[in-house]
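Chemist: quick one: sequence and predicted model below, then my questions.
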Amino acid sequence: MAGIAGKVRDAFRGQQRLDADSLLRRVDAVSRFLRAVDGHLPDEPLSAAHTVVERASDRLALSRDHTVVALAGATGSGKSSLFNALAGFALSPTGVRRPTTGAAHACVWGPLAGATKLLDWVGVLPRHRFVRESALDGNDEVGLHGLVLLDLPDFDSVQETHRLEVDRLLGLVDLVIWVVDPQKYADRVVHHSYLREFHRHRDVTVVVLNQADRLPPAEVPTVLGDLRRLLDADQLTGVPVLATSALDPTAMAGLRSTLEHAVAQRQAALRRLSGDVDAVAERLAGLMGPAVGDDLDPVAVRQLTEALAEAAVVPAVVGATEAAY
């Protein structure tokens with residue numbers, strides 16, 4: 001178990017800790033930019049930035065002692081089975097009928113205080129919330145205290161409402177564990193519509209090859225290697241890739257260690273939001289003009305400034321103000 005934990009820590013990128021105050025200053029800078037361009041630029045290119053400012057402000061005002069982790073995957077990938085295996089109880093419905101998971105289910109490890117408002121904000125219905133705390137566990141679950149684990153609907157569901165709910169929740173959670181299976185790990189939808197879009201959030205992305213027990217043991221490294229190649233093409237170089245099976249407790253060790261590490265660090269929320277700010281800053285940069293070069297003629301710059309001031313009737317305003325004074 002110690003060896004697995006070490007590999008998990010090594011697999012995560014960006015081990016430097018993020019500071020919440022620094023992140024708040026970055027969010028405030030985006031907010032000030034939006035106020036400055038209000039009325040001067042069209043609303044559509046700025047909508048994503050407005051959303052990030054609002055989400056970041058809301059998330060940072062809620063519990064930072066909890067880490068919200070989502071299990072996301074396609075139909076039949078075994079998300080709900082992993083969810084139940086981690087919880088130790090059958091909390092989320094599983095079955096052969098598709099789609100099985102129609103609404104997000106949540107399990108909270110440790111005291112519920114602080115997590116309730118977080119779940120209200122995420123939008124998980126009260127009847128789909130569970131608490132993982134039992135005197136019979138002793139200290140077995142202490143390493144996961146602070147974890148809020150979500151089992152999301154299938155992102156490829158035939159029900160459009162399920163897909164919309166997945167997209168909404170993926171914009172709110174702190175860390176995403178993408179669950180793929182040996183049959184559909186190379187599916188175009190998961191890579192082009194989802195994984196590739198998370199390349200700015202490599203620090204809060206994990207991919208698991210579930211149902212690995214269905215493969216001959218000798219083939220597991222080969223499939224993991226091919227999955228790694230696909231993720232590199234998705235610009236997700238360095239994200240942890242694990243083999244899991246809900247039927248084998250030993251095959252769950254790597255995933256559990258990943259979750260314990262994320263909970264102990266309490267950095268996932270900050271890293272997720274930092275990635276969001278990076279993404280909108282890149283988009284906003286395209287709305288600005290080119291940087292002023294050092295080779296510009298200062299005389300021409302002064303003449304242009306005077307001409308613009310004249311066009312804006314600045315001299316007349318100055319003169320009127322002076323006369324009035």
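Modeler: Right, received. Where do you want to start? Everything quoted here is computed from the prediction, not taken from an experiment. Numbering: from 1, shown residues only.

Chemist: low-confidence stretches in the stretch 51-200 of the chain?
Modeler: When residues are selected by pLDDT under 70, those of the stretch 51-200 of the chain lie in 93-101, 134-138.

Chemist: quick one: the strands in it?
Modeler: Assigned by DSSP state E, counting those that start in this stretch, the strands in the stretch 51-200 of the chain fall at 67-73, 105-109, 129-132, 147-151, 175-180.

Chemist: and A307, which of the ones you listed is closest to it?
Modeler: A307 lies closest to strand 175-180 among those, at 52.4 Å (C-beta to C-beta). To be clear about C-beta, it is placed using only N, CA and C from the backbone, and glycine gets the same treatment.

Chemist: direction included, what does the closest one pair up with?
Modeler: strand 67-73 (parallel), strand 205-209 (parallel) (DSSP bridges).

Chemist: run through who's touching that strand.
Modeler: Residues outside strand 175-180 that contact it (C-beta atoms under 8 Å, 6 or more residues apart in numbering): 67-74, 77-79, 82, 170, 187, 190, 194-195, 198, 201, 204-210, 227, 255, 258, 262, 268, 272.

Chemist: hmm, back to that, can I get the strands of the stretch 51-200 of the chain in JSON lines including mean neighbour count and distance to T51?
Modeler: Listed next are the strands of the stretch 51-200 of the chain as JSON lines, based on neighbours: other C-beta atoms under 10 Å; distance: least, C-beta to C-beta, whole Å:
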{"stretch": "strand 67-73", "mean neighbour count": "26", "distance to T51": "17"}
{"stretch": "strand 105-109", "mean neighbour count": "24", "distance to T51": "23"}
{"stretch": "strand 129-132", "mean neighbour count": "17", "distance to T51": "25"}
{"stretch": "strand 147-151", "mean neighbour count": "26", "distance to T51": "20"}
{"stretch": "strand 175-180", "mean neighbour count": "26", "distance to T51": "18"}
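
Chemist: can you put the ones you listed in TSV and add distance to T321?
Modeler: Below are the strands of the stretch 51-200 of the chain laid out as TSV (distance: least, C-beta to C-beta, whole Å):
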stretch	distance to T321
strand 67-73	55
strand 105-109	61
strand 129-132	62
strand 147-151	58
strand 175-180	56
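
Chemist: off-centre distance for the helix or strand containing D28?
Modeler: Secondary structure assigned from DSSP states H and E places D28 in helix 20-37. Distance of helix 20-37 from the chain centroid (C-alpha atoms, centre = their mean, to the nearest Å) equals 19 Å.

Chemist: got the buried residues for it?
Modeler: 23, 27, 30-31, 33-34, 37 (16 or more other C-beta atoms under 10 Å).

Chemist: which one among those gets closest to V280?
Modeler: Looking across those and measuring by C-beta to C-beta, the closest to V280 is V30, at 6.3 Å.

Chemist: hang on, the earlier thing: TSV please, covering the strands paired with strand 175-180 and showing distance to L215.
Modeler: Formatted as TSV, the strands paired with strand 175-180 follow (distance: least, C-beta to C-beta, whole Å):
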stretch	distance to L215
strand 67-73	17
strand 205-209	9
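
Chemist: what is the neighbour count of R200?
Modeler: 16 (other C-beta atoms under 10 Å).

Chemist: same check, this time on L41
Modeler: 13.

Chemist: hang on, it in a helix?
Modeler: No. With DSSP: H, G, I helix; E, B strand; the rest coil as the criterion, L41 is located in coil rather than a helix.

Chemist: pLDDT value on it, please?
Modeler: Here the pLDDT value assigned to L41 is 85.

Chemist: D213 too?
Modeler: For D213, the predicted pLDDT is 94.

Chemist: quick check: the nearest residue to it once chain neighbours are set aside vs T67, distance?
Modeler: The spatially closest residue to D213, leaving aside those adjacent along the chain, is S245, at 4.1 Å (C-beta to C-beta, 6 or more residues apart in numbering). Remark: distance between S245 and T67 (C-beta to C-beta, to the nearest Å) = 24 Å.

Chemist: can you count the residues close to the residue nearest to V122 when sequence neighbours are not counted?
Modeler: Using C-beta to C-beta, 6+ apart and skipping the chain neighbours, the partner closest in space to V122 is L172 (5.4 Å). Per other C-beta under 10 Å, the neighbour tally for L172 reads 17.

Chemist: surely G275 touches H199?
Modeler: No. Using C-beta atoms under 8 Å, G275 is not in contact with H199, being 9.4 Å away.

Chemist: the two: who's more crowded?
Modeler: Using other C-beta under 10 Å, the more surrounded residue of G275 and H199 is G275, with 19 against 16.

Chemist: and the more buried one, what pLDDT?
Modeler: pLDDT, G275: 95.

Chemist: over to P216?
Modeler: At P216, pLDDT is 95.

Chemist: do A36 as well
Modeler: According to the model, A36 scores 87 on pLDDT.

Chemist: which residues touch E141?
Modeler: E141 is in contact with 109-110, 132-134, counting by C-beta under 8 Å, 6+ apart.
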